[in-house]
Each structure stands twice: as structure tokens, then as C-alpha cells.
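Asks: 3D, please:
(2 chains)
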Amino acid sequence: MKIHFEKVIPIPLQGFVSDNKIWNTNYIFDSGKHYLINAASGKGKTTLLSIIYGLRSDYEGSIIIDKKVTSTHSYNDWALLRQAKFSIMFQDLRLFPTLTALENILLKNNLTHHYSHEVIIQMANQLDVANLLQRKCETLSLGQQQRIALIRSVCQPFEWLLLDEPFSHLDMRNANKCMELVTLECRKRNAGLILTSLGEYIQEGFDEKIEI
Amino acid sequence: MLNKLLFLDRGKLQLSIVIGGTLLGLLLLLIPLQLFLDFRELLTQKTDLLNPQYMVLNKEVTLMGMASDKKQGFSLNEIDKLKHQPSVEEIAPFTSNNFYSFGVLGFGNGVPDFQTDLFLESVPDKFLDNLPSNWQWQPGNDIPIILPTDFINLYNFSFAATHGLPQVSKSVVKMAPFTIVVDSLGKKLEFKAHIAGFSDRINTIIVPLPFLEYGNKSFSKTDNTENKPGKIIVKSNDPTNAALTNYIARCGYETNQELLRNARLAGVLRVVAFALSLLGILIVILSATGFFQFAQLVLNRKSYEIKTLLLLGFYPKTIWRYYFKIFSIILSSVFVLSIIVIFLFKPWFAEFAANYGFELNDGVSGITIISGIVVVFIYLFATMANLWREIIRS
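Replies: Numbers count the residues shown, from 1 in each chain, chains lettered A, B, ... in the order given. Just a heads-up that it's a prediction; the model follows:
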């Protein structure tokens, strides 16, 4: 499933961008490929993922997925896409603070019953957060919350995984563990990955790096 | 888990206040409605006490009328107009005897015979209450007579008492031999007759219509077709109808004064019930606003959760359905509570009303319950329509 960008430019960025690979030009994200988007703050990394995921419509141009212009999708189309084709990890994580870490993960997993309870525990073990699963998210540190949110994002079928600065609060060792998990989960599904970053340590293992 | 996320984790107080307010609003609509229905039932009951279905009308005797030697009566035109007034069902003129007659009633046993000039009147059978079983007349037969109950009461409680005479029961009166003597056109004919029954409704001596038709044809000195009926009987499905009573007053017709007073009483009751219902509707609107605001509050508090669920791929309708369930449960409990309160209130109120001489039944009308359901549905519909808009917007 390719993602075509046709002359897409977010309205807030009009007049501020020049000479880049994505905005205001034609660009195709190839299916199954892994992309790293490097940019400083305010260059539109989150905007890029939000536009693909259908959260924003304040842009010009069109995005075509599966031969369909996404701006014409209905609420139900988006719900379906978000259940089976796209998975996202938000920069602000969007966990539910009053639910436990496990409840947060299950809420998502139960939509498609993608993974068994055991697999979820196993992933939590892998990222050293298994002992936190019964705690409410509001009591977890940002780094811990990031790992919970990451686990939640892979608990569904997807063809594209969109990660918005997913390791910003993690140390090198933890970031690497997370990247291993991400890579593994994408390979399992033969899925594409778009990961945005401020240009920190994780730079390896991508098919393409894009500066915007 | 949705329950934990989407409903008020705090704000139990608000929930109770909203349930209380909605309940109050619903009760203030349904109770006046129920009372209105009860009193309406009372007003249309077939008792002649508060709601006679039959009215006897006559024209007021005025000085002008007395001066002219023409008998006052209803013209065909006037009867026709009256027939087309609201809530008038049927109308019939009284036929009266156009020949001289007197009656002789003998009890025997030392009670002196009554002999008195007679006026006989007749109305079509369907206007009579307590129609006697043998209410027919053919030449050669006994003439059945219906007397006003007041006559025998007058005799028993006023005349007999002051004259030291024995009182007589209705059944004795019915057995007494009665003779109607017609003395007209030089002929003097005796007809055997008997008292067949008593009427509360019509204050005159009633005989079967065929006898009067026969008598008027055979013994009348004048051509009775010119006679305008002096009294008419009106059957009305609502004699207290204000338009009808106004018309009667405007035309100068007279009817039972007590009946008019009752009509006024019924009018007052109706105005009070209407005002209460109006107030109830206003209060329902107010409480609906309260409920609506409560739903909006829940939504605003949960906007992060709703938005995030949508971002995770939940269908808008899943979330909507969840709230539909919650608000349905709240509203149906309010409804059930209100019906319970009304069922408890009703016997208490009936007892209270009984002290003032109103006989209400203890039950709750189906109309009240259905109205409650309709109101609750309107609440739910308005709330859920708004909810859908808000969910889509997030």
C-alpha cells in the first residue's frame, strides 16, 4: 500500500518551506519500506504523520492511498483504516491516565484481538515494563509511558506504522530495544515504517532518510 | 473498560441532582395531566349530578311576552340553529296536550282521591331515563305515565306530613288506579292509566308520544300544527361546553340553573388543569435543558477520551451507542421512578379529593404513562442527536 503525496502543503507551512522532498511536490512512500524523517522542531514532522493518519485537513494538495483521495474518507473509513492499515504512536502518547498500562494496551488490542495476553506480557518484558502493567499510567514516567504506548501501537494489524519521536525520553539502551521490537513487528507484517526524529541517536536500519 | 473511561468517575452528586431534577420535571408534567384526566372523567360521567347529558330548555317569560297573547315557543329556525351548536347531539321538542283533561288517582284506604287538571307532555323515548318496560300505547290499552320523582317527594314529605296522611312508596303509587279523563269537543272519554315510572330528568308528566298524537288529532280544538313547542330537550355530549352555554344565555333560553353553575365549576376546573399543564410543560422544558446540559458536561469532561478512542480506531457509533445505553438507563430509571411516585400519589390524592366529595379512582391512566414515555423519548432523542454531532466534531 503506497502513500502518494501530490503537491501537499500544510497551510501553516505555506511560504516557509523551500527545497524539500515532501512538501509541495510529488512523493511516494513505497509499501514495506522504512523511512526516517529528520527535522528540527516546527518543520512539520508531526503534521506529516497527522495528515497521513487523517487527523488534520488543513492542507492543500491531495494524498492518495489505495487509489483513493483520503480527504474523501468517511468516519467509518478512517476507523477501519486505523484498525487494520495504519497504526500510530503519538508524540504526546495519548494514553488514558486513569487506566492501568495493561488496560491501555488491551483497549487497543481488543479492537482486533490481534495479540494474546501472553504476547503482550512478553513484549512488556522485552522493554522492561512488565512490572508496570498494573499501574495507572498517570503514575508512570514519560519514558515508561513511551514504551507502553509503543507496545499499544503494535497490538493491531497494520501496513504502515507511524511513530512520532517515539524514543525522545529513552536512553540509548532502551531506545535500541524499542527499535528492535519495531523492526521485528514491521517485518512480521511486511509493513512500512515512518519514524520521525529530531536527529538523535537512532539512525540505522532505515531504507531511506528524509530531511524536511 | 469503556465504562471506566467514558462515564463520570466523579460527579456522582451532579448525577443525583440531574436525576432528581428530571424526575421533578416529569412529575410536574404527569401529575397535572393525570388530574386533568381524572377530572375530565368525572365531568363526563353519566351522573346527572355534575354532568347531565340532557338539558330542558324553555324561553324566558318576559313582560313583552306576557303582554302579547301569543304563546312563546321555539320556532323551527331556532331549533335548527340550536341543533348546530357545538356538542349538541340530538334535540327534540316537547309535545303537549292540546285538549282539556284531568286525572283521578285513588289510593283507597282512607286516602282521599286526587283529582286534578292535567297537563301531559311527551318526548321521544330515547330521551327518557328509566324507560318502563311496558312503555307503549295503542287505543284500548292502559296509558303508562311517568311522573317526576319530585311529585311523590312533595306529597310524601310536604303534603302528607302536614295533613296527617300516610306516606306512600313508589311501588304503591304504581299500583294505584289512575284515570285520565278527556273532556273536549263535547265529548268526555275516560282512559285507564297507571303510573309506570318516575323520572329525575324531566319535571313534567310524561305519556307515550302516540297517545298525545292520537289525542291532539282527535280532541284538539285548534290546529296544533301552528303551535310552537314551549320546551325542548337537548342531548349534549358536553353540556358544560362554554360555547353552548354562552349561546343559550345569549338567546335568552332558560335551563336548570344548577346545571349552569356546574358548567361554570367545570370551566374553572378546566382552566386550572390547563394552567397546571402549561406550567408542567414549562418545567419539563426547563428540566430537559438541565438534562441536556448534563449530557454536554459529561461530553466535555470526556472529550480527550472520546477523541483518543476515535484516534485508536473506534467507530464513532460504538462510542455513541455506549452513551445511548447510559442515558437510556438514566432516563428509564427516572421514568420508572416517576411512575412509581404517581402510583403512590394517586390513592392518596383520591382520598384527599374524596373529603371534598369528588370520587376519583385510584388508578393511573394509560395516557399519563404514554405521555411519560413520549417525553422521555424526546429527552433521549435530543440528547443523542447532540451527542452524535459532538462525537463527529471531535
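Asks: which element is residue 151 on?
Replies: Picking chain A for this. Applying DSSP states H and E as the criterion places A:Ile151 in helix A:142-154.
Asks: my question was about chain B, not that one.
Replies: Here B:Phe151 sits within helix B:149-153, counting by DSSP H and E.
Asks: what about chain B, any weak spots by pLDDT?
Replies: Counting by pLDDT under 70, the ranges of chain B that qualify are B:8-11, B:42-53, B:63-72, B:107-112, B:129-130, B:222-227, B:240, B:256-264, B:266.
Asks: what sits against the residue lying closest to B:Gly252 once chain neighbours are set aside?
Replies: Distances taken as Cβ to Cβ, 6 or more residues apart in numbering or on different chains place B:Glu60 nearest to B:Gly252, at 5.1 Å, with adjacent residues excluded. Heads up, the C-betas are built off the backbone N, CA and C, glycines and all. Listed by Cβ atoms under 8 Å, 6 or more residues apart in numbering or on different chains, the contact set of B:Glu60 reads B:Gly252, B:Tyr253, B:Glu254.
Asks: same check, this time on A:Pro12
Replies: Taking Cβ under 8 Å, 6+ apart as the criterion, A:Pro12 is in contact with A:Thr47, A:Asp58.
Asks: quick one: it and B:Tyr323, what's the gap?
Replies: The gap separating A:Pro12 from B:Tyr323 is 34 Å, by Cβ to Cβ, to the nearest Å.
Asks: same check, this time on A:Leu36
Replies: 41 Å.
Asks: then B:Thr179?
Replies: For B:Thr179 relative to B:Tyr323 (Cβ to Cβ), the value is 87 Å.
Asks: so for the two, which sits in the more crowded spot?
Replies: A count of neighbours by other Cβ atoms under 10 Å in any protein chain shown puts B:Tyr323 above the other of B:Thr179 and B:Tyr323, at 23 against 17.
Asks: go through the strand or helix carrying the more buried one and flag the buried ones.
Replies: Taking DSSP H and E as the criterion, B:Tyr323 maps to helix B:316-354. The neighbour-count check on helix B:316-354 (16 or more other Cβ atoms under 10 Å in any protein chain shown) flags B:316, B:319-320, B:322-324, B:326-327, B:330-331, B:334-335, B:337-339, B:341-342, B:345-346, B:349-350, B:353 as buried.
Asks: what about that helix and chain A, touching?
Replies: Yes. Residues of helix B:316-354 are located near chain A by Cβ under 8 Å from any Cβ of the partner chain, namely B:Pro316.
Asks: centre of the chain to that helix, how far?
Replies: Here the centre of helix B:316-354 is set off from its chain's centre by 31 Å, with Cα atoms, centre = their mean, to the nearest Å.
Asks: and the next helix-or-strand element following it with helix B:316-354, angle?
Replies: Of the helices and strands lying after helix B:316-354 in sequence (DSSP H and E), the nearest is helix B:366-393. Angle, helix B:366-393 to helix B:316-354, by axes from the mean of the first three to the mean of the last three Cα atoms, to 10 degrees: 150 degrees.
Asks: quick one, helices of the chain?
Replies: With no chain named, the answer covers chain A. In chain A, the helices defined using DSSP state H lie at A:45-53, A:75-84, A:101-112, A:117-126, A:142-154, A:172-189.
Asks: that's the other chain; I wanted chain B
Replies: Here chain B has its helices, by DSSP H, at B:2-6, B:12-44, B:63-67, B:76-83, B:149-153, B:160-163, B:170-175, B:209-219, B:242-251, B:257-301, B:303-311, B:316-354, B:366-393.
Asks: so for A:His113, which of those helices sits nearest?
Replies: Nearest to A:His113 among the helices of chain B is helix B:316-354 (15.2 Å), distances taken as Cβ to Cβ.
Asks: now the closest one against helix B:257-301, angle please.
Replies: Orientation of helix B:316-354 against helix B:257-301 (the same axes, to 10 degrees) gives an angle of 150 degrees.
Asks: which strands or helices does helix B:316-354 pack on?
Replies: helix A:75-84, helix B:2-6, helix B:12-44, helix B:257-301, helix B:303-311, helix B:366-393 (3 or more Cβ pairs under 8 Å, 6 or more residues apart in numbering or on different chains; DSSP states H and E).
Asks: could the ones you listed go into a markdown table alongside distance to A:Ser62?
Replies: Below are those laid out as a markdown table (distance: least, Cβ to Cβ, whole Å):
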| stretch | distance to A:Ser62 |
| --- | --- |
| helix A:75-84 | 15 |
| helix B:2-6 | 35 |
| helix B:12-44 | 46 |
| helix B:257-301 | 33 |
| helix B:303-311 | 22 |
| helix B:366-393 | 22 |
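Asks: I'm done for today, thanks for sticking with me.
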